[in-house]
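S.K.: Prediction below, plus the sequence it came from.
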Amino acid sequence: MRAKSEAAPQRPSASRTTPAAAPPTPAAAATIARRWTMAAVFLGGLFTFAFIGMLIFARPVLVPVAASTLLAMTLMPTVNRIRAWGVPHALAATLVAGALAIALVVLAELLVEPLGKALDAIPALEGLGQRLWHLARAVIGAPYTDWISTQLQEAAAHADWGARLFAGLWEASALALTTAVLTFFLLVSGDLFLQKLVRVLPRIRDKVKAVKVVNAVQEDVSLYLGTVTLINAALGAVAGTISWYWELPAPLLWAVLVAAFNFVPYVGAVVNVLLLLAASAATYATLGEILTPPALFALVTAIEGHLITPMIVGRRTQLNAVVVVVGLLFWAWVWGIAGLVLAVPLLLVIKGFAAHIERLEPINEFMGR
């Protein structure tokens with residue numbers, strides 16, 4: 001009875017509210033913001049390193065995918081022009097891919113004889129190397145050149161150059177075959193992936209913007225690669241003409257090499273001049289005759305790089321020189337020689353998306369001239 005007579009403990013009234021927490025002081029707010037910033041930077045760094053590691057680890061897959069995608073973007077306008085004549089899409093893609101394959105086979109057949117002549121000229125190049133080595137000894141001193149010679153001999157003794165050459169040729173052949181097959185299927189599929197992207201996006205505005213952005217990027221990349229290919233072919237023809245006029249060995253081979261190396265900005269031009277210098281030095285004896293062909297080609301290359309290409313390609317597809325150099329270094333480190341060739345087109349793809357996405361406009365401004 002006594003327990004019932006005692007008053008039960010009162011529960012807090014539901015009408016009572018918990019007092020609101022006091023707002024953080026400016027110092028506490030600054031500390032919280034600083035911690036969030038540090039966490040964001042840390043997570044961003046982890047993501048960046050993970051992404052770079054993925055690029056390196058997945059190189060055998062990503063390189064042919066990137067190369068075939070860029071090649072398909074370049075050839076797709078030609079396929080569309082053939083389709084405009086009433087030709088089915090699959091047949092148009094097959095015709096374009098077949099024509100490209102035939103052209104490459106014919107070019108390889110034409111290069112067999114010049115390549116043999118170039119191999120026959122290797123003893124002359126060895127003599128040239130000995131002359132340059134003696135010149136280097138006179139310029140920088142015998143102790144340094146002897147040390148370099150020792151290091152090169154040790155490296156040659158421990159390196160299996162035959163196995164490395166075979167592995168490199170096998171990797172290049174596999175890359176070329178995979179790229180060709182993927183390019184063909186991308187040309188045949190046409191806008192299949194863009195159509196699927198449009199189906200996935202929920203809003204009409206996003207669908208229209210996605211089509212606009214993808215078409216603009218494809219147009220920029222196709223314009224750049226198509227124009228640069230024609231310019232490089234013309235430059236290769238000039239190099240072949242110079243080689244033929246000055247009676248250098250295998251003019252057709254030099255023309256093809258110059259056109260191929262010129263796809264790599266800056267580095268390709270330097271390599272081309274050095275190749276012509278080596279061919280000229282193996283052919284002539286006097287300094288004036290040796291320097292004339294590479295000097296003429298260097299002049300033509302300077303005109304092409306500073307006047308012709310900027311005027312034809314246009315401002316929309318021009319990149320900042322610093323961005324190009326950094327891109328070449330990065331992609332060469334990640335993907336090797338293939339990265340050097342793909343660096344500028346990949347930078348153009350990034351710039352193209354940034355130019356048509358409002359939030360990425362600062363990246364477009366930073367990458368452009």
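M.R.: Received the coordinates, thanks. From a predicted model like this one, the values you see are computed outputs, not experimental measurements. Residues are numbered from 1 along each chain as shown.
S.K.: from memory E247 sits against A282, does it?
M.R.: No. Proximity of E247 to A282 does not meet the contact threshold set by Cβ atoms under 8 Å, at 11.7 Å. All C-beta spots, glycine's among them, are computed from the backbone N, C-alpha and C.
S.K.: Comparing these two, which residue is more hemmed in?
M.R.: Higher neighbour count among E247 and A282: A282, with 20 against 10, using other Cβ atoms under 10 Å.
S.K.: which SS class is the more buried one?
M.R.: helix (DSSP: H, G, I helix; E, B strand; the rest coil).
S.K.: Same check on E247?
M.R.: Assignment for E247 (three-state DSSP): coil.
S.K.: shaky segments in this structure?
M.R.: 1-24, 117-169, 313-317 (pLDDT under 70).
S.K.: and with 80 instead?
M.R.: Within the chain, the ranges that satisfy pLDDT under 80 run 1-35, 37, 108-173, 191-198, 200-201, 206-207, 282-287, 306-318, 368-369.
S.K.: in the stretch 51-200 of the chain, which spans are helices?
M.R.: With DSSP state H, counting those that start in this stretch as the criterion, the stretch 51-200 of the chain has helices at 59-83, 89-120, 122-140, 142-158, 161-189, 192-200.
S.K.: again, but for the stretch 251-369 of the chain
M.R.: Secondary structure of the stretch 251-369 of the chain (DSSP H, counting those that start in this stretch): helices located at 251-261, 267-283, 287-303, 309-313, 321-335, 337-356, 361-367.
S.K.: helices or strands up against the shortest one?
M.R.: In this structure, helix 309-313 makes packing contacts with helix 204-245, judged by 3 or more Cβ pairs under 8 Å, 6 or more residues apart in numbering; DSSP states H and E.
S.K.: what is the orientation angle of the helix it packs on with helix 287-303?
M.R.: Using axes from the mean of the first three to the mean of the last three Cα atoms, to 10 degrees, the direction of helix 204-245 lies 160 degrees away from that of helix 287-303.
S.K.: what packs against helix 204-245?
M.R.: helix 59-83, helix 192-200, helix 251-261, helix 267-283, helix 287-303, helix 309-313, helix 337-356.
S.K.: Would you convert these into a markdown table that also reports distance to A99?
M.R.: Converted to a markdown table, the helices and strands packed on helix 204-245 look like this (distance: least, Cβ to Cβ, whole Å):
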| stretch | distance to A99 |
| --- | --- |
| helix 59-83 | 9 |
| helix 192-200 | 22 |
| helix 251-261 | 18 |
| helix 267-283 | 26 |
| helix 287-303 | 29 |
| helix 309-313 | 24 |
| helix 337-356 | 22 |
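S.K.: Nearest to V41, out of these?
M.R.: Closest to V41 of the helices and strands packed on helix 204-245 is helix 337-356 (Cβ to Cβ; 21.7 Å).
S.K.: And the contacts of the closest one?
M.R.: Applying Cβ atoms under 8 Å, 6 or more residues apart in numbering, the external contacts of helix 337-356 come out as 63, 66-67, 70, 175, 209, 212-213, 216-217, 220-221, 224-225, 263-265, 267, 316-317, 319, 323-324, 327-328, 330-333, 335, 360-364, 367-368.
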